[in-house]
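Chemist: got a predicted model here, sequence first, then my questions.
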Amino acid sequence: MERKKILIVDDDSRNIFALTATLKARSFDCLSCLSAEEALEVLRSNEKIDAVLLDMMMPEMDGYEAIPLIKQLPGRNKMPVIAVTAQAMVGDREKCIEAGADAYISKPIDVDKLLEILRTI
């Protein structure tokens, strides 16, 4: 079975490190970016990305701005974008889905829940 490649986008390198270690231990390949702008560049140049884990609260360009831009990239409109947020407030999930996210998960990330989401892609 082919390993799925996940792009992790978070402005905190500690989160990237933890998610990468967790996913690699479960046979996923991972790429990472510290900003949404960098993620857009990676997505433009790398054909084989199966899903994006996108921190919603980043400086400069947040996830609400980034998701529509990701979905507009050629060949990316059906690629799953999983919104990740530390501020799990009432209405956040709906707001993320309205922005175009395919799934939503809050920090601290429940690994079993994340793996369940990733199995569906």
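Modeler: Great, that's in hand. Residues are numbered from 1 along each chain as shown.

Chemist: I'd like the next helix or strand past the helix or strand of the chain with the lowest mean pLDDT.
Modeler: Across the helices and strands of the chain, mean confidence by mean pLDDT, DSSP states H and E is lowest for helix 92-99: a mean of 89. Using DSSP states H and E, the helix or strand that directly follows helix 92-99 along the chain is strand 103-106.

Chemist: that next one packs against which elements?
Modeler: Under the contact criterion of 3 or more C-beta pairs under 8 Å, 6 or more residues apart in numbering; DSSP states H and E, strand 103-106 touches strand 81-85, helix 92-99, helix 111-119. For glycine as for every other residue, the C-beta is placed from the backbone atoms N, C-alpha and C.

Chemist: please state the offset of that strand from the chain centre?
Modeler: Strand 103-106 sits 9 Å away from the centroid of its parent chain (C-alpha atoms, centre = their mean, to the nearest Å).

Chemist: next: stretch 36-43.
Modeler: Worked out by C-alpha atoms, centre = their mean, stretch 36-43 lies 12 Å from the chain centre.

Chemist: check stretch 72-91 too.
Modeler: Relative to the centre of its chain, stretch 72-91 is centred 6 Å away, using C-alpha atoms, centre = their mean.

Chemist: L53: neighbouring residues, count only.
Modeler: Neighbourhood size, L53 [other C-beta atoms under 10 Å]: 26.

Chemist: what do you get for I105?
Modeler: As a burial measure, I105 scores 20 neighbours (other C-beta under 10 Å).

Chemist: surely it touches A83?
Modeler: Yes - between I105 and A83 there is a contact at 7.3 Å, judged by C-beta atoms under 8 Å.

Chemist: does the residue most central in space within the chain sit in a helix, a strand or a coil?
Modeler: Of all residues in the chain, the one closest to the mean position by C-alpha atoms, centre = their mean is L53, 1.3 Å from it. With DSSP: H, G, I helix; E, B strand; the rest coil as the basis, L53 sits in strand.
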